[in-house]
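> below are the sequence and a predicted model; questions follow.
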Amino acid sequence: MSASTITPWVVGNWKMNPMQADAGQLVQNLKKLLQDQIIAESACHIGVAPVSIALLNVQAAFKDAGRQILTVAQDLSRIAGTGAYTGEVSAELLKDSQINFVLVGHSERREIFAETADIIQAKVKHALTAGLTVIYCVGESLEQRENGQAEQVVLQQICDIASVVEAEQWVNIVIAYEPIWAIGTGKTASPEDAQAMHAAIRLGVSQITPAGQTMALLYGGSVKPENAVELAACPDINGALVGGASLNAESFYKIAQAFANTK
Ligand code: PGA
């Protein structure tokens, strides 16, 4: 399998949105679009990451979508198991509720919630140990890019977790490259810059594990229907992590279609 034959992933990161009624409508609208024109599971994995209190409702609501829609947690505890940890949701509790996917390392968690490499490492370790698939987010700031450090920063973020990933667990990791300056700003990395970073990530991961050759590498940062086609055409861009545009069913569907059509 070469990078271009990797089944793409399109995952909607709903962040701290929307209210219940709107979330219900969003799910219904997406199901309707999929019923009218199904996107084959073999052509694209599709997932959504709602707020934690909506995970189970959303999961149940997609049961009759006619295809699998993955329900992805936006976060997990850095503490494993169960116990007296008020407010926390562990990897095991997610797994126990059949939530099998989780985002780790999103720049909003790193920056706003001061998640350090140690915390992120613990989260990745517990998620993989519990049998979850991790969508691991990496990305540089504008300042780091302007200083020519983008690749070094991103590869370091991958090295940060390498010591806690067992050899056979790499197949349960998907990497999402999200330049911080492109998140929620309307600015997207050019397809050339995004592809160059993705190729560097693939090379870097492949030096650690053979799974790097077949790992899905998603791009994130202001992905929308207008730029999805050209991003999807890049050989090492195997999907998208979509924030704002995933709150609109039609936009999200079109992005999934763009990736499904080109791979
Ligand atoms: P955006 O967010 O698509 O709104 O830029 C992407 C993300 O943060 O995952």
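That came through fine.

> residue contacts, residue 28?
When contacts are counted by Cβ atoms under 8 Å, 6 or more residues apart in numbering, residue 28 is found next to residue 61. Glycine gets a C-beta too; all of them are placed from N, C-alpha and C.

> how close does it sit to residue 19?
Separation of residue 28 from residue 19 (Cβ to Cβ, to the nearest Å) stands at 15 Å.

> what residues does the stretch 101-250 of the chain put near the ligand?
Residues of the stretch 101-250 of the chain lying close to the ligand by Cβ under 6 Å from any ligand atom are 178, 183-184, 220-223, 241-245.

> by neighbours, which of those wins?
Per-residue neighbour counts (other Cβ atoms under 10 Å) across those peak at residue 223, which has 31 neighbours.

> any idea of the pLDDT on that residue?
Listed pLDDT for residue 223 reads 97.

> pretty sure it sits against residue 239.
No - with contacts counted by Cβ atoms under 8 Å, residue 223 stays clear of residue 239, the gap being 9.6 Å.

> which residues in the chain form helices?
20-36, 55-61, 91-96, 107-111, 117-129, 142-146, 150-162, 191-208, 225-232, 249-262 (DSSP state H).

> restricted to strands, list the residues of the stretch 101-250 of the chain next to the ligand.
Among those, the members falling in strands (DSSP state E) are 220, 241-242.

> got any ranges where the chain has weak pLDDT?
Residue ranges of the chain with pLDDT under 70: 1-4, 263.

> contact partners for the residue in it that the ligand sits nearest to?
Among the residues of the chain, residue 243 lies nearest to the ligand; the distance is 2.2 Å by Cβ to the nearest ligand atom. Residues in contact with residue 243 (Cβ under 8 Å, 6+ apart) are 12-13, 15, 183-184, 220, 222.

> list phi and psi for it.
Torsion angles at residue 243 (phi, psi; degrees, to the nearest 10) stand at phi -90, psi -100.

> give me the neighbour count for the closest residue to residue 203 other than its chain neighbours.
By the measure of Cβ to Cβ, 6 or more residues apart in numbering, the closest residue to residue 203 outside its immediate chain neighbours is residue 212, 7.7 Å from it. Counted with other Cβ under 10 Å, the neighbours of residue 212 add up to 20.

> residue 229 contacts residue 257, doesn't it?
No - counting by Cβ under 8 Å, residue 229 does not reach residue 257; the two are 9.4 Å apart.

> more neighbours, the two?
residue 257 (20 against 16).

> for that one, what are its contacts?
Neighbouring residues of residue 257 by Cβ under 8 Å, 6+ apart: 37, 39.

> before we move on, the earlier item: how about the helices of the chain in JSON lines, adding distance to residue 74?
Below are the helices of the chain laid out as JSON lines (distance: least, Cβ to Cβ, whole Å):
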{"stretch": "helix 20-36", "distance to residue 74": "13"}
{"stretch": "helix 55-61", "distance to residue 74": "9"}
{"stretch": "helix 91-96", "distance to residue 74": "11"}
{"stretch": "helix 107-111", "distance to residue 74": "8"}
{"stretch": "helix 117-129", "distance to residue 74": "12"}
{"stretch": "helix 142-146", "distance to residue 74": "24"}
{"stretch": "helix 150-162", "distance to residue 74": "18"}
{"stretch": "helix 191-208", "distance to residue 74": "22"}
{"stretch": "helix 225-232", "distance to residue 74": "22"}
{"stretch": "helix 249-262", "distance to residue 74": "16"}
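
> for residue 8, which of the ones you listed is the nearest?
helix 249-262 (4.0 Å; Cβ to Cβ).

> show me how far the closest one is from its chain's centre.
Remark: helix 249-262 is offset 15 Å from the chain centroid, using Cα atoms, centre = their mean, to the nearest Å.

> ok, and for that helix, which residues are buried?
249, 251-260, 262 (16 or more other Cβ atoms under 10 Å).

> looks like residue 219 contacts residue 194 (just checking).
Yes - at 5.1 Å, residue 219 and residue 194 qualify as touching, with contact defined as Cβ under 8 Å.

> of those two, who's got more company?
Set residue 219 next to residue 194 and count neighbours by other Cβ under 10 Å: residue 219 wins out with 30 against 25.
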